[in-house]
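Enquirer: sequence? don't have it. structure:
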């Protein structure tokens, strides 16, 4: 079962499934990465990929100069991820600057994706629960 299938900027393909992901390069070379934990969500955009593991871990990857997906940052949170989305890539930029994540506790958080030590730093959090 695929959780997400997407095309990256270099025309490679990524298939994210519960036990890992497969990266198929333009020359049809397939690299598979398996995980101990279960992947619950995944997303790709441009040269970026994010996967969320059961338990609240988020792992961020970027396409490197050699055409491989390299882990750039990881964070562990205390809630399950229910949705992920990248911000639009601004004209003249090579990556999305922000990642929006919704959690099963009714919160949404915005993370910075700047490729530095602050990558996956929480910039904003919002409680989305409503009382009736």
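Expert: Cool, the structure landed. Predicted, not measured: the structure shown is a model, and the values here were computed from it.
Enquirer: pLDDT weak spots in the protein?
Expert: Low-confidence regions of the chain, defined here as pLDDT under 70, cover residues 115, 130-132.
Enquirer: okay, which residue is most central for it?
Expert: residue 50 (1.1 Å; C-alpha atoms, centre = their mean).
Enquirer: I'd say that one and residue 100 touch.
Expert: No - between residue 50 and residue 100 there is no contact, the gap being 10.5 Å when judged by C-beta atoms under 8 Å. C-betas here are computed from N, CA, C, even on glycine.
Enquirer: enumerate every residue touching residue 86.
Expert: With contacts defined as C-beta atoms under 8 Å, 6 or more residues apart in numbering, the neighbours of residue 86 are 43, 45, 48, 50, 96, 98, 99, 100, 113.
Enquirer: number of residues surrounding residue 118?
Expert: Residue 118 is surrounded by 12 other residues when neighbours are defined as other C-beta atoms under 10 Å.
Enquirer: can you classify it by secondary structure?
Expert: Assigned by DSSP: H, G, I helix; E, B strand; the rest coil, the conformation of residue 118 is coil.
Enquirer: hmm, back to that, touching the helix or strand that contains the residue nearest to the centre of the chain from outside, list them.
Expert: Of the helices and strands defined by DSSP states H and E, residue 50 is found in strand 48-53. With contacts defined as C-beta under 8 Å, 6+ apart, strand 48-53 is touched by 6, 8, 14, 16, 21, 35, 37-43, 58-63, 69, 81, 84, 86, 95-96, 99, 101, 113.
Enquirer: relative to the whole chain's centre, how far out is that strand?
Expert: When distances are taken as C-alpha atoms, centre = their mean, to the nearest Å, strand 48-53 is centred 2 Å away from the chain's centroid.
Enquirer: just checking: what are the partner strands of it?
Expert: Taking DSSP bridges as the criterion, strand 48-53 forms sheet pairs with strand 39-45 (antiparallel), strand 57-63 (antiparallel).
Enquirer: fine, thanks again, bye for now.
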